[in-house]
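>>> Any chance you can model this:
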Amino acid sequence: MEYRQQLSKTLNPTSLGNEVNRAKIILRFAFEGGLTDRPIRFGNFKRPSKAVMRRRRAEAPPQMFERDELVTLIDAADIQMEGMILLGINCGFGSGDLGRLPVVALDLDGAWVTYARPKTGVSRRCPLWTETVKALRVALAARKRDDDTLVFRTARGNRWFVEDSRSNPLSAKFTKLQKSVGVYRTGRSFYSLRHTFQTIGDETIDGLAVKQIMGHIDDSISATYRERFPDARLLAVSEHVHTWLYGERAA
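Here you go, the predicted structure:
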């Protein structure tokens, strides 16, 4: 409990919960791997309650980006960052998704990306906007190696997402971009693009299509039996978010 109390002095409820969870994973692994002779009793070493989390969320400012902020960020982004931001708002991709994104997941001629979300393993399919396809073609053409299996690399050729590390090069660069154009706000990160896509996509009242694009886990019985999902519904959600960001398409 002393360790938890120390953590609570510097961490918000979400970060505290994550640290508690990591500690429990390590201690359980130690027992199951035979490194300790008995399981650990955690007692009150728990994540913050759901009530605490709800209050924290209610008190926090919105994490989503507004339209003018996103347009400003996209206009100021470099080649790679433009493509990553567009995938973030077009398909709800997070930094982990983008750091692992393989070239084979892209169908730029057909304007689709089919890519199981690494965090959940849930299959995901998303229609790509014309702007996103254009940005991705430019980003791919600018790579140092044509045979690279990943879509995005840092200037030094490293991954944008570091496995098993708290380091997040993409989030760091995105924060720097936010500050450079004057839209930075504490608590907003690259992951806030997922908040934005979810919020605007929900306006279509087709939560299942939004969930399909976002790669959220669906534990319902219907999901067990569902063998495919209509592209038309995915396109409708995607087009709605596009219209919110760019306005109506020219006829």
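
>>> where's residue 3 relative to residue 20, distance?
With the distance defined as Cβ to Cβ, to the nearest Å, residue 3 ends up 9 Å from residue 20. For the C-beta atoms, the positions are set from N, CA and C on the backbone; glycine is no exception.

>>> Show me which of these two is the more surrounded one.
residue 20 (20 against 11; other Cβ atoms under 10 Å).

>>> ok, for the more buried one, nearest residue in space, not its chain neighbours?
Closest residue in space to residue 20, ignoring its immediate chain neighbours: residue 47 at 5.0 Å, by Cβ to Cβ, 6 or more residues apart in numbering.

>>> distance of the one you found from residue 83?
36 Å.

>>> do residue 188 as well
In terms of Cβ to Cβ, residue 188 sits 20 Å off from residue 83.

>>> Looking at those two, which one has more neighbours?
Neighbours were counted for residue 188 and for residue 83 using other Cβ under 10 Å; residue 83 has more, 27 against 21.

>>> For the more buried one, give me its contacts.
Taking Cβ atoms under 8 Å, 6 or more residues apart in numbering as the contact definition, residue 83 lies against 132, 135, 136, 138, 139, 151, 152.

>>> List only buried entries from those.
Among the contacts of residue 83, those that count as buried by neighbour count (16 or more other Cβ atoms under 10 Å) are 132, 135, 136, 139, 151, 152.

>>> Which pair of those residues spans the longest distance?
Maximum pairwise distance in these, criterion Cβ to Cβ, is 13.3 Å, between 132 and 152.

>>> For the nearest residue to residue 149 once chain neighbours are set aside, which residues are in contact?
Distances taken as Cβ to Cβ, 6+ apart put residue 102 closest to residue 149, at 5.5 Å, once the chain neighbours are dropped. For residue 102, the contacting residues are 115, 149, 150, 151, taking Cβ under 8 Å, 6+ apart as the criterion.

>>> Secondary structure added to these, as CSV?
Below are these laid out as CSV (DSSP: H, G, I helix; E, B strand; the rest coil):
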residue, secondary structure
115, coil
149, coil
150, strand
151, coil
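
>>> Go through those residues and give me the one with the most neighbours.
Most crowded among the contacts of residue 102, counting by other Cβ under 10 Å, is residue 151 at 24 neighbours.

>>> residue contacts, it?
Shown in contact with residue 151 (Cβ under 8 Å, 6+ apart): 83, 98, 101, 102, 103, 105, 106, 136, 139, 140.

>>> Now do it, the pLDDT please.
In the prediction, the pLDDT value recorded for residue 151 is 95.

>>> Distance of the residue nearest to residue 149 relative to residue 150?
The span separating residue 102 from residue 150 equals 6 Å under the rule Cβ to Cβ.

>>> quick one: residue 113 is in a helix?
No. The assignment for residue 113 is strand, going by three-state DSSP, so no helix is present there.

>>> who touches it in this structure?
Residues counted as contacts of residue 113 (Cβ under 8 Å, 6+ apart) are 87, 91, 105, 106, 107, 125, 126, 128.

>>> and the gap between it and residue 129?
The span separating residue 113 from residue 129 equals 11 Å under the rule Cβ to Cβ.

>>> same deal with residue 84?
Counting by Cβ to Cβ, the gap from residue 84 to residue 129 is 14 Å.

>>> so where's the stretch 1-150 of the chain uncertain?
For the stretch 1-150 of the chain, the stretches with pLDDT under 70 are 1, 7-9, 11, 13-14, 51-61.

>>> let's see it at 80
Low-confidence regions of the stretch 1-150 of the chain, defined here as pLDDT under 80, cover residues 1-27, 29-31, 33-35, 40-62, 119.

>>> Tell me where it has strands.
Remark: strands of the stretch 1-150 of the chain, listed N- to C-terminal, are 106-107, 112-114, 125-127; assignment by DSSP state E, counting those that start in this stretch.
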